[in-house]
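Structure here, sequence nowhere to be found:
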C-alpha cells in the first residue's frame, strides 16, 4: 500500500505545482513606461547559417532603439560569419567578431559568452541564442521588469515553434517538466537555491554586476550553465527572476525528432544534477504510477488520476502558448519519448560521449 500513497501523493503534488503556476501566471508583462538605457545584445553563434539572419532582422525591427548587437562566431564551419558580415554593413549598431580558440576546461558556449561580455559596453547585457527571434516590446518590457524587481538577472523561457510531429513528440517536454515540478514565482520570491530555473536562450543581466562576477567564467565547464548561474546569483543573495516569454521571444530549437532527442539527451541528466537514481525515480513515478493505478485500483481512482494529468497538460499548454489538444493527445507518446531520451542521456553520461555541434562535452 505504501507505493499507492507515494504514487498519488506525487501526482497530486505535481498537479498542485501546475495549478499554482497557472494561477500565478508567471509571464513577462507589457508596460507603458519607456526606457532608453543602452542594451548590449550579445549572441554566441556556431554553425547557425539557417537561423541567425532571422534573429538579426527581428532585432533590427524592435521598437527599442538604443542597443548594440555583437555576434561572436564560434569557429563555425558554415556560412554564419559571412551572413553576419553582410548584415552588419546595413546597420552600424551591429557587428560580428571571430571567437578565440577554445581553451582547456571551457565549454564552447560559456567561453563565447565570456568573450562577448568583455566586448559589450551597455547598461544591460542580454544574451540571446542564435536560433531565437524576438518581437517588439521585448527589450523595453524586460528592462521594466529588471528595474521594478531590482533584479540582477532576468531569464525568459521562450515560446517554442514546432512544425513537425517529431518536434511535438519532444520539445513540449521542456515546459512540461518545468511547470509540473517548479513553482516558477518562487525563483524570485525565495533565496533558496533549490528553487532555481533559467533558460540560456534569454538571459538579461545588470551589466555592472556581471562584470564584477564574470558569471560564465564561474560555470565555464557546466553543461546546464543557465541554471548554474541562477543558483550562483541566488547564493550571492542577489535578486533574480525566471518568467515565461509570453510570445516576446520565440525559438525553433530543432527540426525533427532525431535532432530534438539528441539535443535534450545532452543535458537532461545534468538537469537532475547528474543524479541517475533521481531521474529513474522520477520516471517510475511519472510513467509507472498511472499504470499501477490502472492495474490495482478501481475505475473511479483511475479516472481521477487521468483527469489530473489532462488538466495539468491543459494548463501547461495554455501557459506556454502551445496547442492543448495536441499535447493531450500526444501525452503517452511524449512520455515514451521522455523514457528514450532519459536512457540516451544516462548512456552518454556513463560513456562520456556527449557531443554538441561537433565538440565533445564533458560533465
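Sure, I can see it. Everything numeric in this text was worked out from a predicted model, so none of it was measured.

Residue 245 contacts residue 160, correct?
No - applying Cβ atoms under 8 Å, one finds residue 245 not in contact with residue 160, separated by 9.7 Å. Every residue, glycine included, has its C-beta placed from N, CA and C.

Those two: which is more packed in?
residue 245 (26 against 21; other Cβ atoms under 10 Å).

What separation do you get for the more buried one and residue 22?
Counting by Cβ to Cβ, to the nearest Å, the gap from residue 245 to residue 22 is 17 Å.

Then residue 151?
Going from residue 151 to residue 22 by Cβ to Cβ gives 23 Å.

out of these two, which sits in the busier spot?
For the pair residue 151 and residue 22, the greater number of neighbours falls to residue 151 (21 against 17), based on other Cβ under 10 Å.

before we move on, which element is that one in?
Per DSSP states H and E, residue 151 falls between elements, in no helix or strand.

ok, now residue 55?
Here residue 55 is assigned to helix 52-60, by DSSP H and E.

Now do the helix or strand that that helix is followed by against helix 52-60, angle only.
Next helix or strand after helix 52-60 toward the C-terminus (DSSP H and E): strand 67-73. Per axes from the mean of the first three to the mean of the last three Cα atoms, to 10 degrees, the angle that strand 67-73 makes with helix 52-60 is 170 degrees.

Please name the strands paired to strand 67-73 in the sheet, noting orientation.
Partner strands for strand 67-73, per DSSP bridges, with pairing direction: strand 39-45 (parallel), strand 94-98 (parallel).

Packed most tightly, which of those strands would that be?
Neighbour counts (mean count of other Cβ atoms under 10 Å) averaged over each of the strands paired with strand 67-73 peak at strand 39-45, with a mean of 25.

That strand: how far from the chain's middle?
Taking the mean of its C-alpha atoms, strand 39-45 sits 17 Å from the chain's own mean (Cα atoms, centre = their mean, to the nearest Å).

all helices of the stretch 51-200 of the chain, in order?
Along the stretch 51-200 of the chain, counting by DSSP state H, counting those that start in this stretch, helices occupy 52-60, 80-88, 108-119, 138-149, 165-170, 173-181, 186-189.

I'd like those helices written out as TSV, with mean neighbour count and mean pLDDT added.
TSV is the format used below for the helices of the stretch 51-200 of the chain (neighbours: other Cβ atoms under 10 Å; pLDDT from 0 to 100):
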stretch	mean neighbour count	mean pLDDT
helix 52-60	19	97
helix 80-88	18	97
helix 108-119	20	96
helix 138-149	20	97
helix 165-170	20	96
helix 173-181	20	94
helix 186-189	18	96
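
Residue 251: which of these is closest?
helix 52-60 (9.4 Å; Cβ to Cβ).

Residues contacting the closest one, please?
41, 43, 45, 67, 69, 71, 80, 83-84, 87, 91, 94, 128, 130-135 (Cβ atoms under 8 Å, 6 or more residues apart in numbering).

buried stuff in stretch 151-162?
Under the neighbour-count criterion of 16 or more other Cβ atoms under 10 Å, stretch 151-162 has 151-160, 162 buried.

mean confidence for it?
Mean pLDDT, stretch 151-162: 97.

what about residue 293, distance to residue 330?
Per Cβ to Cβ, residue 293 is found 21 Å from residue 330.

Residue 197 too?
On the measure of Cβ to Cβ, residue 197 and residue 330 end up 24 Å apart.

So which of the two has more stuff around it?
Remark: of residue 197 and residue 330, residue 197 carries more neighbours, 22 against 18, as counted by other Cβ under 10 Å.

I'd guessed that one sits against residue 228; true?
No - counting by Cβ under 8 Å, residue 197 does not reach residue 228; the two are 11.5 Å apart.

who's residue 155 bridged to?
residue 203, residue 242.

got a list of what it touches?
197-199, 202-204, 226, 230, 240-243.

and if you look at residue 14?
For residue 14, the contacting residues are 180-181, 312, by Cβ under 8 Å, 6+ apart.

That one should be in a helix, yeah?
Yes - assessed with DSSP: H, G, I helix; E, B strand; the rest coil, residue 14 lies in a helix.

For it, give me the pLDDT.
Looking at residue 14, its pLDDT reads 93.

Make sure residue 35 is indeed in a helix.
No - remark: residue 35 does not belong to a helix; assigned using three-state DSSP, it is coil.
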